[in-house]
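>>> Below are the sequence and a predicted model; questions follow.
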Amino acid sequence: MKTLKNYAVQSICRPVVTGLVCALLAGFLAASVAAWAQAPVPDSPEIEAKARAMVAKLSLEQKIELIGGVDSMYTHAIPAIGLPRFKMSDASVGVRTWGPTTAYAGGVALAASWDPELARRIGEGLGKDARARNVNFLLGPGVNIARSPIAGRNFEYLSEDPFLNATIVVPYIQGVQSQGVIATVKHYALNSQEYNRHNVDSEADERTMRELYLPAFEAAVKQGHVDAVMNSYNLINGIHATQNEFLNLKVLKGEWGFQGILMSDWDSTYDSVGAANNGLDLEMPSPRFMNAAGLVDAVKAGTVKEATIDDKVVRLLRTALRYGFMDRPQFDPADSTYSVADRAIALDGALESITLLKNEGGVLPLDPGKIKTIAIIGPNAWPAVTGGGGSSDALAFEPVSTLTGIANVAGPNVHVLYSRGLPEITDVLRRTHWDGGVTVATYAGKDFSGTPETATSPMFGNPGQGRRGQGGTGMPGHVIRYSASYRAVKAGKYLVLTDVGGWGTSVKVSADGKELETPPHAEGQIAPFWTLDLKEGQTVKVQADYVPGWGARFGLGIAYAPELVMGEATELAKIADAVVVAVGFTGETESEGSDRTFELPWGQDALIEAIAAANAHTIVTLTGGVGADTRGWLDKVPALLDVYYPGQEGGTAIADVIFGKHNPEGKLPVSFDRSWEEDPSYAYYYPVKGADTSLHVTEPGKPAVDYVIPHVKYDDKLMVGYRYWTTTGKYPLYPFGFGLSYTKFSFSNLQAPALAQAALLIPNGIAVGFDVTNTGSVAGAEVAQLYVSDPSAKATRPERELKGFQKVRLAPGETKHVTLNLDARAFSYWDEAKHNWTIDPGKFVIRLGDSSENTPLAAELTIK
Ligand code: BGC
């Protein structure tokens, strides 16, 4: 077998020396090989000196070359100083460079596990997968706050709570970096929506930023010692992230002491001098602004100091030296490309995250001895839905679908029936009969003006192309207007359906000249659909204005709503002992680059209702980045499992939970709303109307471009998720931290000091102890959650905030004592006047429970 040691010896020996020398070298490497796969060494005066000596050998032009990426996913090489190029790869759920990989339960699913040790194992797994693919930088994790359920990248991020995010992200980063791979925490900062993501300005006050949107980044830097940070696309308080002095220089590099590499998101840089002077170290994927044309004269004129450029290069070199990138191959054959060990981690991730939200009458777990026939129905039943869309989309080796997982776990004695339940969108499009065909008018330019090129076609658009960003319909710089007539054969409700995808794509649809609106807001959302009420024989003129984006696709069709659900599905449901309806989002309906609907994708509400009417034992599994409109069907089904995006082993984990081989233990990392309108961010999500400003951008060597900047005011401030629900006394559908189990737990014996001195809380904090007991009859895991309230605070504070938690595994009847530490930060808020964290002395309440709404134990504490 080819061992790491042999590989290393051969790769050095082959071209250089032979025989005895190689044997000596092998001996030496045997002693040092362990260090190769290990974590980076800390910075030292030697490393600093070496990095500076390398920089001293470079011309200004060479240095500038090093602060821009190349070939989309690499840093620049300068062979003259022995510097190779370094490879990057996305990220959140698997190492997708390019080809199959292990796809883990990433992002929001990982947060739903509430298990920092799992985060560490997934981080290590990703690190090993990266080494096996020669990757130096992993472009994750993403830690932005899940502020709104429609935000397109929630599934890649973690949760609505900064403490949970911080607690998960630290071991994750340590796990990745322990394998000799740089983790890149992203997207810094306030990137909590995909709506117009390149131009949108996220406006928040400093306290909101410090208390909600920055702590996970702070923990990543100060505790996780992350070595790379990625700026976001959006502007923050009027300034793009990549040139935001406050975020990059004052906070990240100043207060937090970040010594690593601050890179841009892909094409998120807007100014050469602005970026260079305000902290950006590396422009990705290519130097459009931080290049010689943009910076050489600026350095000569003194508007950018050469020392500023040197610092960026030193950061790259220092990090590379600390990781040993110049001394060892990054490709590590000790790590397998296909790893059985990583498959096991992926399974644990899915098992730990799947969250049981409803289980009326104890319908779950199903008894495989009693179930003779089970029907698996729905668009998400097969094939497996492992992750959302966009740059995190990792192609899993052998993804296990819900259908195959259930069939495997149920075993040969259970009869398994399957129906998709709804047609594929492409079937609907193909079957839509447009009277006289579709007129296609292609316009050069964005505003549908001028004389178009026209043609006719039997179909709207070029559907099915460009899935998951792989090319597609439309010509760059062109927009397309489709128009046609549709005649209703029957009276009733019709759904107007789109197949829209790709980043930066948009579509407006009108019927008889009236623009259709998806309720309640639909700007920038992926795959919207509309309803029309038509009379028998009525003809409606439909027009779609389509603006293609990158990897775009488009199709439009009409379906008669009462006939959408496939008859075979309800027939199967009738004869089965139980039904699993697998619904929710996929990479095509929830993806980077767009927001998503709060409503489930078209037809799914009707499908659940039809199946629930046919079978009383209907279990719904919901895929997605948390939250969907369940109002049409939730009271009609006895069981609901939120499976998030469970990664490649999702189907097995879902089956294990359904058949009780695994007791569900996931807890909601995001409050689950009843409706989008009741979400606290609803009123503040879209830009303030009429407040757009214009941004003049000059890319060196190109004509200037004016961008329209919409301004989103984060006036929900700290009232995000459970902070809002607990402060207002209102109740979401399912609260943050909630998740059912097949057993019961109780909390007792809460012990906390009654008095503490504020100064003494730094740095050691106080210990809070309690007991957790499994009072039921099966083994299970509970997440004990500690919330802190500050009722005597002079400042307005959320009613409670999560400041500690612990997952506890217990056998039936078993009790475990848990001690959690609350440090000074647990009691502090950001004082805007002092620009610092402050403890307001007085009364505090520590609450212990199993969700943000259910905290049966409380202890009072006075801080002097
Ligand atoms: C995404 C990043 C990603 C990068 C490289 C961007 O579009 O926003 O999260 O790391 O592409 O793929």
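Perfect, I can see it now.
>>> Could you check how far residue 324 is from the ligand?
Between residue 324 and the ligand the computed distance is 24 Å (Cβ to the nearest ligand atom, to the nearest Å). Using the backbone N, CA and C atoms, a C-beta is placed for each residue, glycine as well.
>>> what's the helix or strand for the closest residue to the ligand within the stretch 701-850 of the chain?
Closest approach between the stretch 701-850 of the chain and the ligand, counting by Cβ to the nearest ligand atom: residue 707, at 17.5 Å. Using DSSP states H and E, residue 707 maps to strand 705-709.
>>> Can you list the neighbours in contact with that strand?
198-201, 235, 238, 692-699 (Cβ atoms under 8 Å, 6 or more residues apart in numbering).
>>> What is the nearest of those residues to the ligand?
The shortest approach to the ligand among the contacts of strand 705-709 belongs to residue 198, at 10.0 Å (Cβ to the nearest ligand atom).
>>> What about that closest one, how many residues nearby?
17 (other Cβ atoms under 10 Å).
>>> contacting residues for the residue lying closest to it once chain neighbours are set aside?
Distances taken as Cβ to Cβ, 6 or more residues apart in numbering put residue 233 closest to residue 198, at 5.0 Å, once the chain neighbours are dropped. Residues near residue 233 by Cβ under 8 Å, 6+ apart: 187, 191, 197, 198, 241, 265, 268.
>>> now do 10 Å
Remark: with contacts taken as Cβ atoms under 10 Å, 6 or more residues apart in numbering, residue 233 is in contact with 187, 191, 194, 196-200, 240-242, 264-268, 270.
>>> What of residue 484?
Residue 484 makes contact with 432-440, 456-460, 540-544, 556, 558, according to Cβ under 10 Å, 6+ apart.
>>> that's a strand at it, yeah?
Yes. Residue 484: assigned to a strand according to DSSP: H, G, I helix; E, B strand; the rest coil.
>>> and the contacts of residue 233, which are buried?
Those of the contacts of residue 233 that meet the buried threshold are 187, 191, 194, 196-200, 240-242, 264-266, 268, 270, by 16 or more other Cβ atoms under 10 Å.
>>> The ligand next: which of these are close?
Restricting the buried ones among the contacts of residue 233 to those within reach of the ligand (Cβ under 6 Å from any ligand atom) leaves 265, 266.
>>> Among the buried ones among the contacts of residue 233, which one lies nearest to the ligand?
residue 266 (3.9 Å).
>>> Just give the nearest non-adjacent residue to that closest one, would you?
residue 285 (5.1 Å).
>>> before we move on, what about residue 130?
residue 181 (4.4 Å).
>>> about what we covered before: what's the PyMOL line that selects buried ones from the contacts of strand 705-709?
Listed next is the PyMOL selection for buried residues among these, using 16+ other Cβ under 10 Å:
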select buried, resi 198+199+200+201+235+695+699
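>>> export the contacts of strand 705-709 to TSV and tack on secondary structure?
What follows is the contacts of strand 705-709, written out as TSV (three-state DSSP):
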residue	secondary structure
198	coil
199	coil
200	coil
201	strand
235	strand
238	coil
692	coil
693	strand
694	strand
695	strand
696	strand
697	strand
698	coil
699	coil
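>>> Just give me the closest of the contacts of strand 705-709 to residue 811.
Residue 811 lies nearest to residue 200 out of those, by Cβ to Cβ, at 50.3 Å.
>>> Need the phi and psi values for that closest one.
phi -70, psi 140 (degrees, to the nearest 10).
>>> what does the one 10 residues further on give?
As for residue 210, its main-chain torsions (degrees, to the nearest 10) stand at phi -60, psi -40.
>>> What residue, apart from its backbone neighbours, is nearest it spatially?
That would be residue 830: by Cβ to Cβ, 6+ apart, it lies 4.0 Å from residue 210.
>>> Also residue 259?
Here the residue nearest residue 259, using Cβ to Cβ, 6+ apart, is residue 43, at 6.4 Å.
>>> okay, now that neighbour: neighbour count?
Residue 43: 15 neighbours (other Cβ under 10 Å).
>>> Find me the pLDDT at it, would you?
Among the per-residue scores, residue 43 shows a pLDDT of 96.
>>> hmm, which of the contacts of residue 484 are the buried ones?
Looks like the contacts of residue 484 have 432, 434, 438-440, 459-460, 540, 542-544, 556, 558 buried, using 16+ other Cβ under 10 Å.
>>> related to what we said a few turns ago, now do the contacts for the residue nearest to residue 210.
Residue 830 sits in contact with 205-212, 214, 718, 795, 836-838, where contact means Cβ under 10 Å, 6+ apart.
>>> Next, find the distance separating the most centrally placed residue in the chain from residue 715.
For the chain, the residue nearest the mean C-alpha position is residue 156 (0.9 Å; Cα atoms, centre = their mean). Shown here: residue 156 relative to residue 715, a distance of 25 Å by Cβ to Cβ, to the nearest Å.
>>> Can you give me the neighbour number for the closest residue to the ligand within the stretch 501-650 of the chain?
As assessed by Cβ to the nearest ligand atom, the ligand sits closest to residue 592 within the stretch 501-650 of the chain, at 6.0 Å. Per other Cβ under 10 Å, the neighbour tally for residue 592 reads 23.
>>> where exactly do the helices run in the stretch 1-150 of the chain?
4-16, 19-36, 45-56, 60-66, 107-113, 116-131 (DSSP state H, counting those that start in this stretch).
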